[in-house]
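> I need the structure of the sequence given here:
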Amino acid sequence: LRAVAYQAATAIVHAQLVEERLRHAETQRQLALAGELQKRMIRMPRPHYPRLETALAFHPTYSVAGDFCDFLTLCDGRPLAVVGDVAGKGVPASLLMSSVQGALRVSAECCDRPAEILARLNRQLHRETLPGEFVTLLCVAIDPDARRLTYTNAGHEPLLILREGKVLETHEGDLVLGISPNEVFHEHELPLHPGDLLLLYTDG
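Numbers count the residues shown, from 1 in each chain. Okay, the predicted model is just below:
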């Protein structure tokens, strides 16, 4: 009886391990699919802007990530570059990131001011997120004809400008998104020179 019980226990443990490995493999497959979907959302064909060259890089640490970047077009036709970082990592951060990115794309279609877009998004995040969940975001609108950029920064890393071999760093910024529903976001303008390289990035 002891021998039979031992064999039965061994078979049960083995079956449990096999089942656990299968569940783990399925979870990894689902995460890989989610990661591919997220990459397609970020790397979807970018709009073409005359007199501007654009590029982006997205290399998540895990299958999915909370960092994101995008190129949008404001309702007045100006290009808008955005980069953001959702607090946290993994699946929860990536789900919130997808919601933020969708809201940004909708807002850009009816707004012509980066500060207004951030104010709308901030109110939405405050309603829908838990305490401790927040998003940093940098928006840069570019007017190639007037050679001017307008940026709004919600607690994100500063915009960097490479001009004639020197790096200029912006310092103005406001509170991260999702903390205070009545936060006021400010716009800042800078002149653009031919050949300027603008870098938006995260701390990832």
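> Roughly how far does Leu177 sit from Val100?
For Leu177, the distance to Val100 equals 8 Å [Cβ to Cβ, to the nearest Å]. In short, each C-beta sits where N, CA and C put it, glycine included.
> These two: who's more crowded?
Between Leu177 and Val100, counted using other Cβ atoms under 10 Å, Leu177 has the larger neighbour count: 28 against 23.
> I'd say that one and His156 touch.
No - look at Leu177 against His156 with Cβ atoms under 8 Å: they stay out of range, at 9.6 Å.
> so how many other residues sit close to the closest residue in space to Thr152 that isn't next to it in sequence?
With Cβ to Cβ, 6 or more residues apart in numbering as the measure, Pro114 is the residue that lies nearest to Thr152, at 4.1 Å, once sequence neighbours are left out. Neighbour count of Pro114, defined by other Cβ under 10 Å: 28.
> Low-confidence bits of the protein, can you list those?
Residues of the chain meeting the criterion pLDDT under 70: 22, 24-45, 61-65, 89-90, 204.
> Please enumerate the strands of it.
For the chain, the strands defined by DSSP state E occupy 67-73, 79-86, 135-143, 148-154, 160-163, 166-169, 188-191, 197-199.
> strands paired with the second one, and their directions?
Pointing back at strand 79-86 there. strand 67-73 (antiparallel), strand 135-143 (antiparallel) (DSSP bridges).
> any idea which of the ones you listed is most buried?
Neighbour counts (mean count of other Cβ atoms under 10 Å) averaged over each of these peak at strand 135-143, with a mean of 24.
> Can I get it as CSV, trimmed to CA atoms?
This file holds the C-alpha atoms of strand 135-143, laid out as CSV (Å, rounded to 0.1, in the frame of the first residue of the first chain):
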residue,chain,number,x,y,z
VAL,A,135,1.5,59.2,-16.1
THR,A,136,4.4,61.5,-17.1
LEU,A,137,4.0,63.0,-20.6
LEU,A,138,5.8,65.4,-22.9
CYS,A,139,4.0,67.0,-25.9
VAL,A,140,5.8,69.0,-28.5
ALA,A,141,3.8,70.7,-31.3
ILE,A,142,5.9,71.9,-34.3
ASP,A,143,5.1,74.7,-36.7
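> about what we covered before: now the strands of the chain in JSON lines, with distance to Ala15?
Compiled in JSON lines, the strands of the chain are given as follows (distance: least, Cβ to Cβ, whole Å):
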{"stretch": "strand 67-73", "distance to Ala15": "40"}
{"stretch": "strand 79-86", "distance to Ala15": "39"}
{"stretch": "strand 135-143", "distance to Ala15": "44"}
{"stretch": "strand 148-154", "distance to Ala15": "51"}
{"stretch": "strand 160-163", "distance to Ala15": "56"}
{"stretch": "strand 166-169", "distance to Ala15": "59"}
{"stretch": "strand 188-191", "distance to Ala15": "63"}
{"stretch": "strand 197-199", "distance to Ala15": "54"}
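> right, so of these, which gets closest to Ala108?
Among those, strand 67-73 comes nearest to Ala108, with 4.1 Å by Cβ to Cβ.
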